[in-house]
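Trainee: Give me the fold of what follows.
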Amino acid sequence: MLRPLLGSLLFVVIGVAIGVGLDAARQELSPRPEVEMEQVRRDRLLRYAGHMRALSVGNSHSLAVDFKAMDVPGYHVWARGQDLFEAEAQLHDLLPRLPNLEVVLFAVSYGSFRRDNGACDDEERGMVRSEWYASQPHLGLIGDDVENWFQGAMTRGLVVTDHWEPVLHALRKRLDGVERKPRLYRDLMTDDGQLVVAPGDFTPRSPEELDVDARDLVLPRHERLQENMLENSPDLEERAVACFERLVALLAEHEVRAIFYTPPYWPAYADGFDADTRRAMEAHMARFERELGVEYHDFGRDPVFVSDPANFVNSDHMSPVGARRFSRKRLLPLLRDG
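Mentor: Residues are numbered from 1 along each chain as shown. Okay, here's the model as predicted:
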């Protein structure tokens, strides 16, 4: 009886050791680009941690922030499609490492309180919690989300679709005495951590194109994802509200000013977004302002910006031109007032 048990245990131990070794080899020789980019992004932030005064946190609607336009020493740590739960894990990790941080600019979207990537199993989503775990493994597990964490750990190095050819190629170079050069991310990430989420050269789009983008692409996708998440997690909104309250307490604990804001959206997006979800967000933020003293600014329909299509790269993301204008006209005065 004992011998079969020992044999099974030995088999498991050897299997785990092989898996860990292969994963380490993959990360050393040819890591996934998005994994390596996030590591470069974080390393760059921590290298200048003592100089950082501001962070841009949240999802890709944080493209509205341009630190250089405001001449503020800040850094972007937001992630594409990031929900409140992921932002909380990120801030828990970063706040103790940024001793001179003064302010966090946190993008609050209309659907922020009805989003949980860990509850989404939509195959066409393109953003899943497992991918987030793969790109930011240092942040650990969120709640009891073991399944997504395990998938992320596996796809970070072991389960890949390239048949390990880049690893073998990199290994041959190593054996030939050629050191692997780090990738360059000029087209995907700026020096202050800002990511590019929309393709092309940011040529301004026409009002008609932005209307079509909202009606046919962005809004149907957001609605489908939200329905999927709420179906899989009926208590999602309650958990998101509790998470937001923890975020506020965490920032206060570190004596960091939090400016929560909703950026400008193209009118077709703002008008077409699910009204019940938008009103729920507004009600939550009003209560947080009243009961917790939260600072919140809603620029979603700001007439200064929403009438000019040049301010948008698509219906719910500001263009570099729009971000520069918005940061100077709206965010910079808030920072000065603080």
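
Trainee: Count the residues that sit near residue 242.
Mentor: By the criterion of other Cβ atoms under 10 Å, residue 242 has 12 neighbours. Glycine gets a C-beta too; all of them are placed from N, C-alpha and C.

Trainee: Would you agree residue 289 is in contact with residue 283?
Mentor: No - contact between residue 289 and residue 283 fails when scored by Cβ atoms under 8 Å: they sit 10.8 Å apart.

Trainee: Could you report the distance from the spatially most central residue of the chain to residue 236?
Mentor: Central residue of the chain (Cα atoms, centre = their mean): residue 79, 1.5 Å from the mean position. From residue 79 across to residue 236, the span is 19 Å (Cβ to Cβ, to the nearest Å).

Trainee: same deal with residue 226?
Mentor: 9 Å.

Trainee: Overlap in contacts, the two.
Mentor: 114-115 (Cβ atoms under 8 Å, 6 or more residues apart in numbering).

Trainee: Looking at these two, which has the bigger crowd around it?
Mentor: More crowded of residue 226 and residue 236, by other Cβ under 10 Å: residue 236, with 20 against 17.

Trainee: For that one, give its distance to residue 289.
Mentor: According to Cβ to Cβ, residue 236 stands 22 Å off from residue 289.

Trainee: now the strands: where do they sit in the stretch 201-338 of the chain?
Mentor: 257-262, 295-298, 312-314, 317-318 (DSSP state E, counting those that start in this stretch).

Trainee: Give the full set of residues in contact with residue 69.
Mentor: By Cβ under 8 Å, 6+ apart, the neighbours of residue 69 are 323-324, 327-328, 332.

Trainee: Check residue 193 too.
Mentor: Contacts of residue 193 (Cβ under 8 Å, 6+ apart): 41, 44-45, 56, 75-77.

Trainee: Which one (most neighbours) among those?
Mentor: Busiest of those [other Cβ under 10 Å] is residue 75, holding 26 neighbours.

Trainee: now what about whichever helix or strand it is part of, what contacts it?
Mentor: Assigning secondary structure by DSSP states H and E places residue 75 in strand 74-76. Residues from elsewhere that reach strand 74-76, judged by Cβ under 8 Å, 6+ apart: 45, 48, 52-56, 62, 65, 67, 105, 190, 192-195.

Trainee: Paired strands for that strand, with orientation please.
Mentor: Applying DSSP bridges to the sheet, strand 74-76 is found paired with strand 54-57 (parallel).

Trainee: what about the next helix-or-strand element following the strand it pairs with, distance to the chain center?
Mentor: Note on strand 54-57: by DSSP H and E, the next helix or strand toward the C-terminus is helix 67-70. Helix 67-70 sits 20 Å away from the centroid of its parent chain (Cα atoms, centre = their mean, to the nearest Å).

Trainee: what do you get for stretch 250-258?
Mentor: Distance, centroid of stretch 250-258 to centroid of chain: 20 Å (Cα atoms, centre = their mean).

Trainee: For that stretch, measure first residue to last.
Mentor: End-to-end span of stretch 250-258 (Cα to Cα, to the nearest Å): 10 Å.

Trainee: which ones are touching residue 288?
Mentor: Per Cβ under 8 Å, 6+ apart, neighbours of residue 288: 244-245, 248, 294, 296.
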